[in-house]
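Okay, predicted coordinates and the sequence, questions at the end:
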Amino acid sequence: MKPTQLLFLFFLSGISITLKAKDTPSKSIILKNGLKVIVSEKTDNDFVEFEVWYRTGSKDEKPGIRGMAHLFEHMMFRGTAKYPGKSVFDNVEKVGGQVNAYTTFDRTVYHEYIPASALEKMMDIESDRMANLVVTQEILNTEREVVGEELRNGTNNWYQKMHADRYPFLYPKNHPYEVDVIGFLDEITQFTAPQCMDFYNNYYSPNNAFVVVVGNVKAEEVFAMAEKYFGTVTKQLDLKKRNDIPTLDTAKIRTNEMNINFPVQIYSYSFPRPAVSDPDFFGFQMLTDILFTGENSILNNRLVKKDFLAYGFNVSNDAWSYYPNLAIIDVIMNASPGNVKVKKAIREEIAKIISDGIPKEMIEDYIQSYENEYILEGYVSANISEELGMAEYYLNDYRKAYSLNEAMKKVTPEEIKRIAGKYLSEEKIQLVNIKPE
């Protein structure tokens, strides 16, 4: 967080907050082909955040095409017959905008920040990419070299390499998140153009996507544009949510020790995390933030600030997930026999919460901080779009983005105590001891 943001948060914490910056007027429609279009009219400048969310990610890959979702994100920037090559970049750059994309286990999102006057052109481009992407073996060869280099560069960062080496030991076979998003280099180098087109035709369709537009626009005008361009896309998918997900409650990780080529020791804790749709989700998030990961969390204050037994805590995966996943929390320390004190302190604090819960004042401070940050982020169109998109994807209703702080306020101390007993019991928590070679 930037210093100016911190100052603003300190200022906000001393006043009664009534401002709701994110509550800009928002409307939506669903086109006949199933594409939902969400518009938030934010009129403080002449720019627009325009995003297309596809409900696909590495969770949809099968053995042999691990890494396809991420590689395909790259392929989408190679163009169509109408907009070939670097047309996406060229059209955004010439109006002074920004364009990018990202892929996770669950979703792939393409986003542009552009002048409002350029929105219609970008709708034409994005709808054409949804319907008419051109994939040749030559284009594929170029992009998989880029992805391969990205993967190889990751091994030059000791922490990324550690995470990549650790990942195959964590999830049971056939879990949607059993392979890291980047995939396997030996499979990526064998991809063919027909395999890419199969993935495109299987997952890139209007009824497996939605559009979010935030900025100085009129909703009805955006809806008309969406109907004009996206409404002509006829692809349809048979959408099914998997119901064969292996349970994580009893699954055991496949190693308890690892070596790294770096002079630190890491206690890597993993335990089941509920999916966003689970009633326990918000209480679990509050619990792990207060206990492990917040700047003023219980364990950060004790082990980092007070006892100087650890350098810090790091969360190495997404909190929001479509299916139940693993919370992975790394405690980074100087390599020392005395680190057994760290394990003992963590077990003590967890046992204390399971027995006594978290003090109400600590929960209130957390909610106030959460609400302050929620308000601060609401002044940026990209943040609003992200909140709307996450609520639409994971909660099936973008309007719930405006009440996430209310969901946090409903979490009670008794609920935190129950959730701690359910997810942080000794039989649920697993530990990988990662030591220098």
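Sure, I can see it. Numbers count the residues shown, from 1 in each chain.

Could you count how many residues lie near Thr234?
10 (other Cβ atoms under 10 Å). Every residue, glycine included, has its C-beta placed from N, CA and C.

Nearest spatial neighbour of it, chain-adjacent residues omitted?
Nearest residue to Thr234 in three dimensions, chain neighbours excluded: Asn33, at 6.4 Å (Cβ to Cβ, 6 or more residues apart in numbering).

ok so that neighbour is a helix residue?
No: Asn33 is assigned coil when assessed by DSSP: H, G, I helix; E, B strand; the rest coil, not a helix.

now it: how far from Met197?
20 Å (Cβ to Cβ, to the nearest Å).

same thing with Phe284?
40 Å.

Next: Ile328.
34 Å.

Name the residue in the two with the higher neighbour count.
Neighbours were counted for Ile328 and for Met197 using other Cβ under 10 Å; Ile328 has more, 19 against 16.

contacting residues around that one?
Counting by Cβ atoms under 8 Å, 6 or more residues apart in numbering, Ile328 touches 170, 268-270, 315-317.

Pretty sure it sits in a strand.
Yes: applying three-state DSSP, one finds Ile328 inside a strand.

quick revisit: any chance of the contacts of Ile328 in a markdown table, plus secondary structure and distance to Phe308?
Formatted as a markdown table, these follow (DSSP: H, G, I helix; E, B strand; the rest coil; distance: Cβ to Cβ, whole Å):
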| residue | secondary structure | distance to Phe308 |
| --- | --- | --- |
| Leu170 | coil | 30 |
| Ser268 | strand | 21 |
| Tyr269 | strand | 20 |
| Ser270 | strand | 25 |
| Val315 | strand | 21 |
| Ser316 | coil | 23 |
| Asn317 | coil | 27 |
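
which among the residues you listed gets closest to Asp244?
Leu170 (18.8 Å; Cβ to Cβ).

Can you classify the nearest residue to the closest one once chain neighbours are set aside by secondary structure?
Counting by Cβ to Cβ, 6+ apart, Ile253 is the residue found nearest to Leu170 once chain neighbours are left out, at 5.5 Å. Secondary structure, three-state DSSP: Ile253 is coil.

wait, Ile253 sits on Val432?
Yes: the criterion here is Cβ atoms under 8 Å, and Ile253 meets it with Val432 at 6.7 Å.

Of the two, which one has the most company?
Val432 (21 against 16).

got a list of what the more buried one touches?
Counting by Cβ under 8 Å, 6+ apart, Val432 has contacts 166, 169, 253, 255-258, 266-268, 270.

got the buried residues for the helix or strand in which it is found?
Take DSSP states H and E as the rule and Val432 turns out to sit in strand 430-436. By 16 or more other Cβ atoms under 10 Å, the buried positions in strand 430-436 come out as 430-432, 434.

Grab the two from the residues you listed that are most spread out in space.
Gln430 and Ile434 (13.1 Å).

Specify the residue ranges that define each domain of the chain.
21-232, 257-436 (automatic domain parsing).

between these, which gets nearest to Asn243?
That would be domain 257-436 among the domains of the chain, by Cβ to Cβ, at 10.3 Å.

Run the chain-centre distance for that closest one.
What separates the centre of domain 257-436 from the centre of its chain is 15 Å, taken as Cα atoms, centre = their mean, to the nearest Å.

So what would you say the end-to-end distance of that domain is?
With Cα to Cα, to the nearest Å as the measure, domain 257-436 spans 11 Å from end to end.

Repeat that for stretch 352-371.
27 Å.

hang on, the earlier thing: tabulate the contacts of Ile328 (a markdown table), appending pLDDT.
Listed next are those as a markdown table, based on pLDDT from 0 to 100:
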| residue | pLDDT |
| --- | --- |
| Leu170 | 94 |
| Ser268 | 96 |
| Tyr269 | 96 |
| Ser270 | 96 |
| Val315 | 89 |
| Ser316 | 83 |
| Asn317 | 81 |
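
mind showing which ranges of the stretch 251-400 of the chain have poor pLDDT?
Of all residues in the stretch 251-400 of the chain, none has pLDDT under 70.

Would you map the strands across it?
In the stretch 251-400 of the chain, the strands defined using DSSP state E, counting those that start in this stretch lie at 257-260, 265-273, 312-315, 325-333.

Would you confirm that Ala69 contacts Val181?
Yes: using Cβ under 8 Å, Ala69 makes contact with Val181 at a distance of 7.2 Å.

which residues are common contacts for the two?
Contacts common to Ala69 and Val181, judged by Cβ under 8 Å, 6+ apart, are 57-58, 103.

Looking at the residues you listed, which are in strands?
Among the shared contacts of Ala69 and Val181, the ones falling in strands (DSSP state E) are Thr103.

Tabulate the shared contacts of Ala69 and Val181 in a markdown table, adding columns for distance to Leu239, neighbour count and pLDDT.
Shown next, in a markdown table, are the shared contacts of Ala69 and Val181 (distance: Cβ to Cβ, whole Å; neighbours: other Cβ atoms under 10 Å; pLDDT from 0 to 100):
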| residue | distance to Leu239 | neighbour count | pLDDT |
| --- | --- | --- | --- |
| Gly57 | 15 | 23 | 96 |
| Ser58 | 18 | 24 | 96 |
| Thr103 | 19 | 22 | 96 |
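
Please tell me how far Tyr203 sits from Pro194.
15 Å.

And these two? Which one has more around it.
Neighbours per residue, other Cβ under 10 Å: of Tyr203 and Pro194, the larger number sits with Tyr203, 20 against 11.

Quick check: chain neighbours aside, which residue is closest to the residue nearest in space to the middle of the chain?
Taking Cα atoms, centre = their mean as the criterion, Asp318 is the residue nearest the geometric centre of the chain, at 5.1 Å. Take Asp318 and drop its neighbours on the chain: the residue closest to it by Cβ to Cβ, 6+ apart is Thr104, 6.3 Å away.

so what's the one you found scoring on pLDDT?
For Thr104, the model assigns a pLDDT of 96.

go on, Lys20?
Lys20 is given a pLDDT of 44.

May I see the domains of the chain arranged in JSON lines, with distance to Asp238 as well?
Formatted as JSON lines, the domains of the chain follow (distance: least, Cβ to Cβ, whole Å):
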{"stretch": "domain 21-232", "distance to Asp238": "9"}
{"stretch": "domain 257-436", "distance to Asp238": "18"}
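
and Lys241, which of the ones you listed is closest to it?
Of all these, domain 257-436 comes closest under Cβ to Cβ, at 8.2 Å.

circling back to that earlier point, I'd assumed Leu237 was in contact with the residue nearest to Thr234.
No: the criterion here is Cβ under 8 Å, and Asn33 misses it with Leu237 at 10.7 Å.
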